[in-house]
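Kindly return the folded structure for what I paste below:
(one chain, ligands or ions: 1)
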Amino acid sequence: MSMYPIVVPDLGVDGAVDVIEINVAIGDQIKVDDIVAVLESDKATLEVPATQSGTVSEIHIKPGVKVKQGDPLITVTLSSSTDSTQANVKTASAPISVSATVPTATVVAISPATPAVETPQVISAPVTSTDTLVSETVVVPDIGADSATVIELVSQGAALAAEAIVTVLESDKATMEVPAPHAGKVQTLYLKVGDKVKSGDKIAELEIKQSEPPPVNKDSVVPAPKVAEPSEQRAAVLEPVTTARVLDVPVSASNVHAGPAVRRMAREFGIDLNQVMGTGPKSRVLKQDLMRFTKERLARPVVASSTASLTESLPEIDFSRFGAIELLPRSRIQKVSAKNLSRSSLTIPQVTQFDEADITDLEAFRRAQTERTAKEGYKLTLLAFMVKAVVAVLKKYPDFNSSLDNQGENLIRKQYYHIGIAVETQDGLMVPVLKNAEQKGVKDIAIELQALASLARDKKLKPADMQGASFTISSLGGIGGTAFTPLVNWPEVAILGVSKSQLKPVYVGEELQARLCLPLSLSYDHRVIDGAAGARFTRALVEVLGDIRYLVL
Ligand code: CAO
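Numbers count the residues shown, from 1 in each chain. Now for the predicted structure:
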């Protein structure tokens with residue numbers, strides 16, 4: 001029997017990264033490609049897959065520690081069959097670039113994991129007392145930067161357990177949680193959210209019971225702040241968000257921005273952070289977001305959960321009884337996407353309206369511009385015109401740019417036009433959102449769509465890039481087909497499917513002409529939109545696409 005280390009692969013980043021999650025426990029049987037740990041750099045969250053099958057015999061890391069390329073994460077004891085054949089060794093594998101840096105399987109002595117760095121931090125002199133209660137000042141520890149901003153703070157009077165988070169600070173380099181040195185009650189708060197602080201500033205006064213070992217004297221220490229994660233370069237403009245809500249589109253699980261305490265809480269409650277809208281700086285998921293999310297989930301109509309359990313309770317079938325099979329693990333995006341699509345299909349009564357637009361003139365105009373726009377460095381796509389035309393029609397029929405509240409009591413009409421675009425990627429369907437389309441010209445829309453589709457395919461979309469759509473377009477025109485029935489992307493109420501245009505014989509007046517016809521498939525939530533409105537919407541779209549001069553009226 002031999003031992004095999006699974007180490008931090010080549011992450012493509014300089015320096016150390018944080019361990020965010022450990023997905024295995026000692027004694028677990030793991031297979032090649034099972035995720036053993038999740039790491040986070042300042043640019044991305046990365047999953048480390050197992051490069052070897054076997055039993056986890058040692059874990060060398062814990063969440064919060066920093067690791068760099070080559071550091072051991074876990075040790076796997078190889079099963080004797082694997083041991084002798086090395087059949088399951090995988091030296092280079094998927095989500096991250098694991099390359100020649102992964103050692104081949106040999107027996108190696110693994111040194112114990114580097115413990116979390118816990119530099120003691122001197123705090124200001126506590127008021128020592130022989131009475132039952134003593135007071136202790138919690139101060140800002142060495143933050144490794146000139147200043148930081150308070151982004152989360154306990155409330156006055158809160159009863160804290162030892163190590164409970166008193167405040168979360170964010171500098172331009174990192175986010176830090178400052179824990180309570182002892183269990184106690186928050187007597188005085190010296191700060192408020194948004195304040196700028198520097199090392200040594202007072203945060204709070206804690207009232208500590210004597211039964212809890214009080215701070216001895218001015219040499220008392222509190223653990224150094226846990227460095228949660230380096231600040232992520234997120235979209236500079238934050239959308240005003242008032243309520244936490246389920247993300248309306250599948251997102252890459254790796255991009256959620258949240259501190260360790262929030263991650264821990266999410267794990268304890270079994271909440272998928274991907275589904276929580278972060279309202280903190282840079283779309284960070286805060287504790288209150290988790291709470292709102294939970295409340296919202298509990299308030300959901302029972303029908304949603306009963307239909308979900310309906311699919312979950314389907315019996316597992318052993319297909320190997322009928323012949324050879326192959327098991328292909330689904331990507332996280334595919335899994336999130338599947339849930340969202342099921343929800344849409346099971347909870348929204350939807351109807352699809354078909355129509356056909358004559359885009360002969362539009363295409364002639366577009367093609368005539370191709371050379372010029374290519375020189376300007378962008379491709380003038382049909383999809384960009386579609387977005388512009390859809391916005392014009394949404395303005396005329398605002399119910400298509402709305403959401404139904406959960407109780408079905410109110411229709412929420414949106415005054416903005418954020419258009420989701422379904423993009424096919426290697427890992428599954430992503431829906432980046434082109435914001436404020438009504439304020440943009442066809443050229444800017446074309447450029448932005450190209451950029452969003454590239455980000456989606458390169459897995460570089462941020463959660464904010466995929467939130468807030470008010471209407472979605474799914475174009476299969478580049479592939480083919482005559483029509484399809486797209487599923488409404490909840491909480492939106494309508495989605496437009498576009499298929500491949502075809503030359504068709506069409507009577508124009510008395511004359512039979514070859515015209516380029518574009519098939520349109522509009523699915524809508526029948527609770528909000530009735531059939532007549534659906535037909536009027538597609539008719540209006542046909543009109544605009546047939547003569548794009550309508551766009552300037
Ligand atoms: N009819 C005929 N040709 C079309 C067309 C249409 N409706 N739409 C696009 N084309 C052509 C384009 O003009 C382009 O041809 P040229 O290279 O000669 O100009 C070619 O098809 C490829 O287009 P494209 O699909 O790469 O680009 P796009 O701007 O039309 O679409 C995007 C971009 C991101 C929507 C697309 O690449 C994509 O991912 N589509 C799949 C979306 C999907 O999976 N939807 C299903 C979701 S389930 O509801």
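
which ones are touching Gln426?
By Cβ atoms under 8 Å, 6 or more residues apart in numbering, the residues touching Gln426 are Arg457. Glycine gets a C-beta too; all of them are placed from N, C-alpha and C.

Just want the phi and psi numbers for it.
Dihedral pair for Gln426: phi -60, psi -30, per degrees, to the nearest 10.

Can you name the residues of this structure that neighbour the ligand?
381-383, 421-424, 429, 453, 474-478, 486, 498, 500-501, 518 (Cβ under 6 Å from any ligand atom).

Tell me the buried residues within those.
For the residues of the chain next to the ligand, a neighbour count by 16 or more other Cβ atoms under 10 Å gives the buried set as 381-383, 421-423, 429, 453, 474-477, 486, 498, 500-501, 518.

now, which of these lie within strands?
Judged by DSSP state E, the subset of these located in strands is 421, 423, 429, 474-475, 498, 518.

Columns pLDDT on top of those residues, output as CSV?
Formatted as CSV, those follow (pLDDT from 0 to 100):
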residue, pLDDT
Ile421, 98
Val423, 97
Leu429, 93
Ser474, 98
Ser475, 98
Val498, 98
Leu518, 98
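
quick one: which two of those residues are the most distant?
Leu429 and Leu518 (21.8 Å; Cβ to Cβ).

Check the gap between Ala338 and Thr75 for me.
Ala338 sits 35 Å away from Thr75, going by Cβ to Cβ, to the nearest Å.

Scan the helices and strands of the chain for the one with the lowest mean pLDDT.
Counting by mean pLDDT, DSSP states H and E, the chain has its least confident helix or strand at strand 121-122, which shows a mean of 34.

Flag every buried residue along the very next helix or strand once past it.
As assigned by DSSP states H and E, the chain's next helix or strand after strand 121-122 is strand 133-139. Of all the residues in strand 133-139, those buried under the rule 16+ other Cβ under 10 Å are 134-139.

ok, now stretch 513-532?
Neighbour counts over stretch 513-532 (16+ other Cβ under 10 Å) mark 515-525, 528-529 as buried.

Run the chain-centre distance for that stretch.
The chain centre lies 31 Å from the centre of stretch 513-532; the measure is Cα atoms, centre = their mean, to the nearest Å.

Sketch out the low-pLDDT regions of the chain for me.
Within the chain, the ranges that satisfy pLDDT under 70 run 1, 12-13, 42-45, 79-131, 172-175, 210-256, 260, 281-282, 300-313.

higher neighbour count, Ala338 and Thr75?
Legend: neighbour count by other Cβ atoms under 10 Å for Ala338 and Thr75, higher for Thr75 (21 against 15).

Let's have the ones in strands among the buried ones among the residues of the chain next to the ligand in CSV, adding distance to Ala148.
Converted to CSV, those look like this (distance: Cβ to Cβ, whole Å):
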residue, distance to Ala148
Ile421, 37
Val423, 37
Leu429, 39
Ser474, 43
Ser475, 45
Val498, 48
Leu518, 54
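
Among the residues you listed, which one lies nearest to Ser41?
Ser41 has its nearest neighbour among these in Val423, at 24.8 Å by Cβ to Cβ.

what about the closest residue in space to the closest one that isn't next to it in sequence, how many neighbours?
Spatially, and ignoring its direct neighbours in sequence, Val423 is nearest to Ala456 (4.3 Å; Cβ to Cβ, 6 or more residues apart in numbering). Ala456 is flanked by 24 other residues according to other Cβ under 10 Å.

Validate this expectation: Ala456 resides in a helix.
Yes. Checked against DSSP: H, G, I helix; E, B strand; the rest coil, Ala456 lies within a helix.

close enough to count as contact, it and Leu434?
No. Assessed by Cβ atoms under 8 Å, Ala456 is found out of contact with Leu434, at 12.0 Å.

Val48 and Gln334, how far apart?
Using Cβ to Cβ, Val48 is found at 20 Å from Gln334.

Pick out whichever of these two has more residues nearby.
A direct count of neighbours by other Cβ under 10 Å for Val48 and Gln334 places Val48 higher, at 25 against 14.

Helix, strand, or coil at that one?
Classification of Val48 by three-state DSSP places it in strand.

hey, what's it bridged with?
Bridge pairing for Val48 (DSSP bridges) gives the partners Ala37.

is it true that it touches Ile35?
Yes. When contacts are counted by Cβ under 8 Å, Val48 is listed as touching Ile35 (6.9 Å).

Can I get the helix or strand in which Ala357 is found in PDB, CA atoms only?
Assessed by DSSP H and E, Ala357 sits inside strand 350-358. Extracted C-alpha coordinates of strand 350-358, given in PDB (Å, rounded to 0.1, in the frame of the first residue of the first chain):
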ATOM      1  CA  GLN A 350     -46.200  28.800 -20.700                       C
ATOM      2  CA  VAL A 351     -47.300  29.200 -24.300                       C
ATOM      3  CA  THR A 352     -45.200  29.700 -27.400                       C
ATOM      4  CA  GLN A 353     -46.300  32.000 -30.200                       C
ATOM      5  CA  PHE A 354     -44.600  31.600 -33.600                       C
ATOM      6  CA  ASP A 355     -44.200  34.100 -36.300                       C
ATOM      7  CA  GLU A 356     -41.900  35.000 -39.200                       C
ATOM      8  CA  ALA A 357     -40.200  38.300 -40.000                       C
ATOM      9  CA  ASP A 358     -39.200  39.400 -43.500                       C
END
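
Quick one: residues in contact with it.
344, 483, 485-488, 497, 506, 515-526, 531, 534-535, 537-539, 541-542, 545-546.

among these, which are in helices?
Under the assignment DSSP state H, the contacts of strand 350-358 contribute 344, 531, 534-535, 537-539, 541-542, 545-546 to helices.

Check these for burial and list the buried ones.
Among those, those classed as buried by neighbour count (16+ other Cβ under 10 Å) are 344, 534, 537-538, 541-542, 545-546.

with those residues in mind, which one is nearest to Asp361?
Using Cβ to Cβ, Gly546 comes nearest to Asp361 of these, at 7.3 Å.

Does the closest one touch Phe385 like I think?
No. With contact defined as Cβ under 8 Å, Gly546 does not count as touching Phe385 (11.7 Å).

Touching both of those two, which residues are there?
Leu362.

ok, back up a step: which one of the ones in strands among the buried ones among the residues of the chain next to the ligand is nearest to Ala159?
Closest to Ala159, out of all of those and judged by Cβ to Cβ, is Leu429, at 46.2 Å.

what residues are up against the closest one?
Contacts for Leu429 (Cβ under 8 Å, 6+ apart) come out as 250, 333, 337, 422-423.

tell me the two of these that are most distant?
Between any two of the contacts of Leu429, the greatest separation by Cβ to Cβ is 12.6 Å, found for Ile333 and Ala422.

list residues touching both of those two?
Contact criterion Cβ under 8 Å, 6+ apart; residues shared by Ile333 and Ala422: 429-430.

My read is that Ile35 contacts Thr51, right?
No. Using Cβ under 8 Å, Ile35 is not in contact with Thr51; the gap is 11.8 Å.

Show the contacting residues for the residue lying closest to Gln353 once chain neighbours are set aside.
Closest residue to Gln353 apart from its sequence neighbours, by Cβ to Cβ, 6+ apart: Gly534 at 4.1 Å. By Cβ under 8 Å, 6+ apart, the residues touching Gly534 are 351, 353, 522, 524.

and what of Val387?
If you count contacts by Cβ under 8 Å, 6+ apart, Val387 has them with 419, 421, 434, 437, 445, 449, 473.

How much space separates the fifth one from the ligand?
Here the distance between Ile445 and the ligand works out to 11 Å (Cβ to the nearest ligand atom, to the nearest Å).

helix, strand or coil for that residue?
helix.

and it, how many residues sit next to it?
22.

next one: the fourth one
Close neighbours of Ala437, defined as other Cβ under 10 Å, add up to 23.

Quick check: phi and psi at Asp318.
phi -90, psi 90.

Would you check how far apart it and the ligand are?
30 Å.

go on, Ile30?
Using Cβ to the nearest ligand atom, Ile30 is found at 33 Å from the ligand.

Quick check: that residue touching Thr51?
No. With contact defined as Cβ under 8 Å, Ile30 does not count as touching Thr51 (10.3 Å).
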